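**Student:** Give me coordinates for this.
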Amino acid sequence: MSTIITATEITVRYGERAVLDATTLGVEEGDRIGLVGRNGCGKTTFLRILAGLQSADTGVVSRQRDLVVSYLPQDFMLDETKSVAENIRDGAQPVLDLIAEFESLPHDSKRHEEMEHRIQALEGWTLDQRIETAMSHLNCPAGDRRVETLSGGEKRRVAMCRAIVSLPDFLILDEPTNHLDPESIDWVADFLDEFHGSFLVVTHDRYFLDRVAKRMVELYEGKFWSQNGNYTDYLLAKAERQEADATVEHKRQMFLKKELAWVRQGPRAQRSKQKDRFERYYETAAQAGPAIEEDMELVIPPPPQLGNRTVEVSNLGMTLGGKKLFSGFSYTFENGQRIGVCGRNGLGKTTLLKAIIGQLPPTEGTVKIGQLTKFNYVDQGRLQLNEERTVLDEAADGTEFVIWGDSKISVRSYLKRFLFADDRITTQVKKLSGGERSRLLLAKILKCGGNFLILDEPTNDLDLPTLRVLEEALIAFPGMVLVVSHDRYFLNRVCTNILAFEGDGKIAHSVGDYDYYLEKKQRAAKEEARQAAAFLSASKSAPAPAAKPGGSKPRKLSFKEQRELDGIEAQIHTVEAEVLRIEGLFAQPDFFRKHASQVNQLTADLDAAKEKVPQLYARWEQLEKIKTAAELV
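**Tutor:** Numbering: from 1, shown residues only. Predicted coordinates for the structure are as follows:
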């Protein structure tokens, strides 16, 4: 395979800090690269350099001749004066230029034939059809709407559609899954699976990375580290690398300790062997140890005590703008629950949150709030930040301390819990990365306290290390958590219950994580299809003759089998939760440091649990068949 673009010895400095430090990365034909690293480490800067929108301080970017590059930035660039359809077609401008040149050439010219082959390779003749398909699957607004009238999420989907319709040779995507619902994310993953060019994607969606990436690149301390495989492969390789580095560092420290004792004895150094030993000691002492990634502990302020009744909704319904979003929803929220809210955009998820906290009056039904319930709502729009203020001033907002349970801590100490180092605490807001701004907003809102925490899309723009820390904080939060998210991995790690907006005004409740909800939904759909097929088949066939006396009848479930069937769903959920727990342990960056002695046992437990899951499903299907056959008689 040939290299299509190479960034060689790229250096970019912001003040004294080098976000890219004479580092090199090449992209080959067919590459499927996932780029990861902490927010502020320089990922977006590098993407802009590859896209030709920014120049490096030093270094060279070499591109293959006639390389077509398409770039989806986080801060998407749309023409506010044009319609949705016009903006999307602008993304295919290279193809449109080729078609215009092709139509202007004599049909018998050599250039005419070359252009035709190039247009065919880019599927230019089916451009309108591809635009229509992409708009449909990405749930884009109507093509004739003006971009200036769209919401942020709608603009994001238009920008995503614009980036992919040209079928470029090299596709650069910066957080493409933000503001997309699960169905749209699946469609983007399917698109990338079949994409013939190369792509580089930055995303916090770990399932998406696992599915689409074939090579992971980490940007750390200004350097690129490459690893073949998907995100899980990268995590395992990184854990092994950190374990090896720790072993080497331990040996180095032991050597220095031993030699230091010898040096302190003050031996005479006139002999060559002693001189060599001194030199070896000082050489080893001068070596830098392995870089250690520090994950600070993000802890949400301890909430006030929550009563037995938190929130109870009865027959809740909401209609906005003449459109009925949902109706007949009843649910009692209980202390200790962590509920994930999911579903396609536009079905009323945010509206439900606002109805619960009293920002919107319900169209029908009631919302009863407990006397001790105190809401803390982090909405999608969040707060506006003052660009000229420092992080410390913006978070403090005139106060010196933050109430922390029964005590209080300084604002500076509080910000460190949100992963702000000393130098970033005194940085102006306008100089922060997108993820740092998001963490600052969370810190600013969460300092208000509350025992019923409501988060609307908290994972957008957060980097992967910060996401893991936020997940751990929410899991440890002793109050009530209600969170809207499209991040499947996040929902699986954090949530104990799922409220799914399934369309047609229906909100389904499921105990367990998001994957378990999906499995139950798929099983229900299969069973519905099976029953429909059985009914259709029975209606077409002739009436069966009456059974003869003494003929065999389908047996019924025994009492023991019925008990087994009643409990098998919960058993499956328990085993699957164990699989997720162990896989979560393996995914932790410091896994080998914490669990080195348990590797073999955990591996065996994981294999046993994975083997048991299909066995339980097979048994469930067997028992259901016996029950169904008996009921049809």
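**Student:** Now do the strands in the stretch 501-633 of the chain.
**Tutor:** Counting by DSSP state E, counting those that start in this stretch, the stretch 501-633 of the chain has strands at residues 506-511.
**Student:** pretty sure Gly398 belongs to a strand, no?
**Tutor:** No. Per DSSP: H, G, I helix; E, B strand; the rest coil, Gly398 lies outside any strand segment and is coil.
**Student:** Renumber starting at 46 from here on
**Tutor:** With 46 as the first residue, the last one maps to Gly443.
**Student:** Look up phi and psi at it.
**Tutor:** Main-chain dihedrals, Gly443, degrees, to the nearest 10: phi 90, psi 0.
**Student:** That one - how many residues pack around it?
**Tutor:** Neighbour count of Gly443, defined by other C-beta atoms under 10 Å: 5. All C-beta spots, glycine's among them, are computed from the backbone N, C-alpha and C.
**Student:** Against Arg434, how distant is it?
**Tutor:** Using C-beta to C-beta, to the nearest Å, Gly443 is found at 11 Å from Arg434.
**Student:** now swap in Ala67 and tell me
**Tutor:** Using C-beta to C-beta, one gets 34 Å for the distance from Ala67 to Arg434.
**Student:** and what of Gly188?
**Tutor:** 41 Å.
**Student:** Please, where are all the strands along the stretch 96-245 of the chain?
**Tutor:** Applying DSSP E, counting those that start in this stretch to the stretch 96-245 of the chain gives strands spanning 103-108, 114-117, 215-219, 243-247.
**Student:** Give me the below-cutoff pLDDT ranges for the stretch 96-245 of the chain.
**Tutor:** Residues of the stretch 96-245 of the chain meeting the criterion pLDDT under 70: none.
**Student:** which residues sit in contact with Leu610?
**Tutor:** The neighbours of Leu610, taking C-beta atoms under 8 Å, 6 or more residues apart in numbering as the test, are Leu602, Trp665, Leu668, Glu669, Lys672.
**Student:** The same query, at a cut-off of 7 Å, please.
**Tutor:** Leu602, Leu668, Lys672 (C-beta atoms under 7 Å, 6 or more residues apart in numbering).
**Student:** of those residues, buried ones?
**Tutor:** Leu668, Lys672 (16 or more other C-beta atoms under 10 Å).
**Student:** Kindly reformat the contacts of Leu610 as TSV and extend each row with pLDDT and distance to His224.
**Tutor:** What follows is the contacts of Leu610, written out as TSV (pLDDT from 0 to 100; distance: C-beta to C-beta, whole Å):
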residue	pLDDT	distance to His224
Leu602	80	48
Leu668	84	43
Lys672	81	44
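**Student:** So which of the contacts of Leu610 belong to helices?
**Tutor:** Among these, the residues falling in helices (DSSP state H) are Leu668, Lys672.
**Student:** got the contacts of Leu610 as a markdown table, with distance to Thr248 columns?
**Tutor:** What follows is the contacts of Leu610, written out as a markdown table (distance: C-beta to C-beta, whole Å):
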| residue | distance to Thr248 |
| --- | --- |
| Leu602 | 47 |
| Leu668 | 41 |
| Lys672 | 44 |
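**Student:** Low-confidence ranges, the stretch 296-445 of the chain, go.
**Tutor:** Along the stretch 296-445 of the chain, the model assigns pLDDT under 70 to residues 307-344, 425-429.
**Student:** Wait, Lys492 touches Trp449, no?
**Tutor:** No. At 9.1 Å, Lys492 does not count as touching Trp449 under the criterion of C-beta atoms under 7 Å.
**Student:** Please identify every residue contacting each of those two.
**Tutor:** Taking C-beta under 7 Å, 6+ apart as the contact rule, Lys492 and Trp449 both touch Pro346.
**Student:** Which one's more surrounded, those two?
**Tutor:** The neighbour count for Lys492 versus Trp449, taken as other C-beta under 10 Å, is higher for Lys492 (22 against 17).
**Student:** Report the contact partners of the nearest residue to the more buried one once chain neighbours are set aside.
**Tutor:** The shortest distance from Lys492 to any non-neighbouring residue, by C-beta to C-beta, 6 or more residues apart in numbering, is to Val447 (4.8 Å). Residues near Val447 by C-beta under 7 Å, 6+ apart: Pro346, Lys453, Ile454, Val456, Tyr459, Lys492.
**Student:** If we use 6 Å, what do you get?
**Tutor:** Taking C-beta atoms under 6 Å, 6 or more residues apart in numbering, we find Val447 in contact with Ile454, Tyr459, Lys492.
**Student:** What count of nearby residues applies to the second one?
**Tutor:** So that's Tyr459. When neighbours are defined as other C-beta under 10 Å, Tyr459 has 22 of them.
**Student:** Could you do Asp560 as well?
**Tutor:** There are 18 residues near Asp560, going by other C-beta under 10 Å.
**Student:** Can you name the helix or strand that the closest residue to it other than its chain neighbours falls in?
**Tutor:** Counting by C-beta to C-beta, 6+ apart, Asp560 lies nearest to Asn537, which is 5.6 Å off, once chain neighbours are set aside. Assessed by DSSP states H and E, Asn537 sits inside helix 533-539.
**Student:** ok, now Lys489?
**Tutor:** Taking DSSP H and E as the criterion, Lys489 maps to helix 479-491.
**Student:** Not counting sequence-adjacent ones, nearest residue to Asn505?
**Tutor:** Using C-beta to C-beta, 6+ apart, the closest residue to Asn505 is Asn223 (4.8 Å).
**Student:** ok, now how distant is the one you found from Ser229?
**Tutor:** Distance of Asn223 to Ser229, given as C-beta to C-beta: 11 Å.
**Student:** could the strands of the stretch 96-245 of the chain be laid out in CSV, adding mean neighbour count?
**Tutor:** Formatted as CSV, those follow (neighbours: other C-beta atoms under 10 Å):
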stretch, mean neighbour count
strand 103-108, 14
strand 114-117, 22
strand 215-219, 24
strand 243-247, 24
